[in-house]
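K.L.:
Need coordinates for the below:
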Amino acid sequence: MAIALLDRVRSLAHEGHSDHYIAKQLRITRHKARTLLAKEYVTSLPAVIDIEPRTAAEYADRITQCWRKSVEAIFEVGRLLIRAKDSLEHGQFESMIEDNLPFGPRTARMLMSIANDSRLTDRNHGSVLPASWRTLYELTKLSDSEFKKGIKSGVICPDMERKVLINGSRALMASRNGRDDEARDFYPTPPWSTRALIEVVLPSLLVRDDSWFGVSIWEPACGEGHISHVLEDYGAPVLSTDIVDYRWGQDGVADFLSEEIQYTRGPSLSDWIITNPPFKDDLAERFTIRALDLARVGVAMFVRVQFLETIGRYENIFRDRPPTLLAFFVERVPLCMGRWDPDGGTATAYCWLVWLKDRAPLPPFWIPPGQRERLSREDDRERLAAWSLKGD
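P.N.:
Residues are numbered from 1 along each chain as shown. Okay, here's the model as predicted:
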C-alpha cells in the first residue's frame, strides 16, 4: 500500500502538481504529502557509485556529471516522445500518454518542444542550462537574439529561476508581438474563481468536482492559461485556443467565432466549453451563442453581472436559451487588464452563467463569501502571476 501511494505521489508530482493538490486527490494530510514528496526526491536522485570523490576538483566533476545527466534526461524523454509520435499508429500516441505516462499531453508537448530546440541541445550550451524542464520550456520561447543575449550575459545559467525567466521573456514577447491587451480585452481570470465554479457552483447541479477525469473541455479564449491550468488540476483534458498566440504552450491559434473552426478537433471532442469571453462590443454575446451551439454537455461563462442586461441579449440568448444556473459572486473578483494581480481589487461584479443540456433553469445561486481565501493556493502566484510580481 505504501509503495502504491508513493507511486501515486510520484506521478502527480511529475505532472507539476502542488502538495496541496496531491493531498486533496489522495485524501491524505498535507504533512503526509510533503513527507512522501521528500522521499520521492531522495529516491529519484541519480545513483552515485564509483570511487568517492575527495578533492574539490573531483567533487566538481561528479556534480557536473550528475547535473548534465539531469538535463540530458529531459532531452532524451522529449526525443523518445517525438520518435513515438512518428512511429506509432494514429491514436496510439495519445492513448499512451493518457494511460501509461506519469504526465499529461501538455507536458508531453513541452518536452518535445525542448528536444526540438537545437539551441538547447547544442552541447556547447549544456553546462549553462537549468535542470528543470519547465524552465527549459520557457527558453524555447525566446528568439535567437534573446537566447544569445541570455547566454552571453549569464542570465541563462544552471541556477536560474523560472520566475525570473518569465518576467523577462514575457516582457520581450509582448513588445515583439505588438500585443495590445486592451484591444483584445485580455483580463485574466483569478484561479480561485474557476475553482469556485468546479467546487461550489457545479456541485449544486450534481456535477461533482471529482468527476472531471476524461471529460473534455474547450477554453476558446485561453489567454495565458489562467482558466485552463486550473481545470487541468481537476483531471480534465483542456483544449486551449485563442485568436493570438500567448506563447505558453496553448494548443493553437483559432478564431472561435469563425465558421471554419467547427471542422477542427475542438467541437468534436468538447463536452464542455468554459471561458471568460471578451466583453467589448458584442463578443461575449457571440461567444455564448457559439458555445451553446457547439458544446455537447454544458457551457460555463464567466461574465460581468451587467451581461444579464439589454433587450438584445434577452432576445438573442436568454428568452429561448436561459441558463440552467446564474451563480453570483457575493465577494468581488478582481480582474486587471493584461495580468492577474493576486492582491488587486475591483468595483465590478461578476458571475458564472451555466447551461446544462436538457436541464431546466434553477433559481439563482449565490456563491458564499470566503471563497477567495479558501480556494487560493500557495503556488498560484508562481504558476500564474510570476510575471506581474516584479519585486516579490
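
K.L.:
I'd assumed Val354 was in a strand, is it?
P.N.:
Yes: assessed by DSSP: H, G, I helix; E, B strand; the rest coil, Val354 belongs to a strand.

K.L.:
May I have the residues that are in contact with the closest residue to it other than its chain neighbours?
P.N.:
The shortest distance from Val354 to any non-neighbouring residue, by C-beta to C-beta, 6 or more residues apart in numbering, is to Leu325 (4.5 Å). Backbone N, C-alpha and C define where each C-beta goes, glycine included. Applying C-beta atoms under 8 Å, 6 or more residues apart in numbering to Leu325 gives the contacts Val201, Ser204, Leu205, Trp352, Leu353, Val354, Leu356, Pro361, Leu362, Pro364, Phe365.

K.L.:
Show me which of those are buried.
P.N.:
By neighbour count, with 16 or more other C-beta atoms under 10 Å, the contacts of Leu325 hold Val201, Leu205, Trp352, Leu353, Val354, Leu356, Phe365 as buried.

K.L.:
Is it possible to get a markdown table of the residues you listed that adds distance to Leu120?
P.N.:
Formatted as a markdown table, those follow (distance: C-beta to C-beta, whole Å):
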| residue | distance to Leu120 |
| --- | --- |
| Val201 | 42 |
| Leu205 | 46 |
| Trp352 | 41 |
| Leu353 | 44 |
| Val354 | 43 |
| Leu356 | 45 |
| Phe365 | 48 |
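
K.L.:
Distance of the residue nearest to Val354 relative to Met301?
P.N.:
Going from Leu325 to Met301 by C-beta to C-beta, to the nearest Å gives 11 Å.

K.L.:
so what sits against both of those two?
P.N.:
With contacts defined as C-beta under 8 Å, 6+ apart, the residues shared by Leu325 and Met301 are Trp352, Leu353, Val354.

K.L.:
Hmm, the second one is touching Gly298, no?
P.N.:
Right, Leu353. No: with contact defined as C-beta atoms under 8 Å, Leu353 does not count as touching Gly298 (10.9 Å).

K.L.:
number of nearby residues for Trp366?
P.N.:
Counted with other C-beta atoms under 10 Å, the neighbours of Trp366 add up to 11.

K.L.:
if I read this right, it contacts Val330, doesn't it?
P.N.:
Yes: using C-beta under 8 Å, Trp366 makes contact with Val330 at a distance of 5.5 Å.

K.L.:
Would you state the helices of the stretch 51-200 of the chain in chain order?
P.N.:
56-87, 92-100, 105-116, 118-121, 133-140, 144-153, 162-177, 191-196 (DSSP state H, counting those that start in this stretch).

K.L.:
Would you single out the least confident of those?
P.N.:
When the helices of the stretch 51-200 of the chain are compared on average pLDDT, helix 162-177 comes out lowest at a mean of 45.

K.L.:
Least confident secondary structure element in the protein?
P.N.:
Across the helices and strands of the chain, mean confidence by mean pLDDT, DSSP states H and E is lowest for helix 162-177: a mean of 45.

K.L.:
ok, back up a step: any chance of the buried ones among the contacts of Leu325 in CSV with pLDDT as columns?
P.N.:
Listed next are those as CSV, based on pLDDT from 0 to 100:
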residue, pLDDT
Val201, 95
Leu205, 89
Trp352, 98
Leu353, 98
Val354, 97
Leu356, 95
Phe365, 95
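
K.L.:
Show me which of those residues is closest to Cys336.
P.N.:
Closest approach between the buried ones among the contacts of Leu325 and Cys336, by C-beta to C-beta: Trp352, at 19.4 Å.

K.L.:
which residues of this structure score low on pLDDT?
P.N.:
Along the chain, segments meeting pLDDT under 70 span 1-3, 14-20, 30-31, 33-69, 161-184, 209-214, 259-269, 385-392.

K.L.:
mind running it again at 50?
P.N.:
Where the chain drops to pLDDT under 50, the residues are 1, 40-50, 166-179, 262-267, 387-392.

K.L.:
How much space separates the residue sitting nearest the centre point of the chain from Val71?
P.N.:
Note on the chain: the residue nearest the mean C-alpha position is His229, at 2.5 Å, using C-alpha atoms, centre = their mean. Using C-beta to C-beta, His229 is found at 25 Å from Val71.

K.L.:
got a list of what Pro322 touches?
P.N.:
Applying C-beta under 8 Å, 6+ apart to Pro322 gives the contacts Pro361.

K.L.:
what's the spacing between it and Asp379?
P.N.:
Computed as C-beta to C-beta, the Pro322 to Asp379 distance reads 38 Å.

K.L.:
And for Glu138?
P.N.:
According to C-beta to C-beta, Glu138 and Asp379 sit 16 Å apart.

K.L.:
Which of those two has more residues huddled nearby?
P.N.:
Glu138 (24 against 14).
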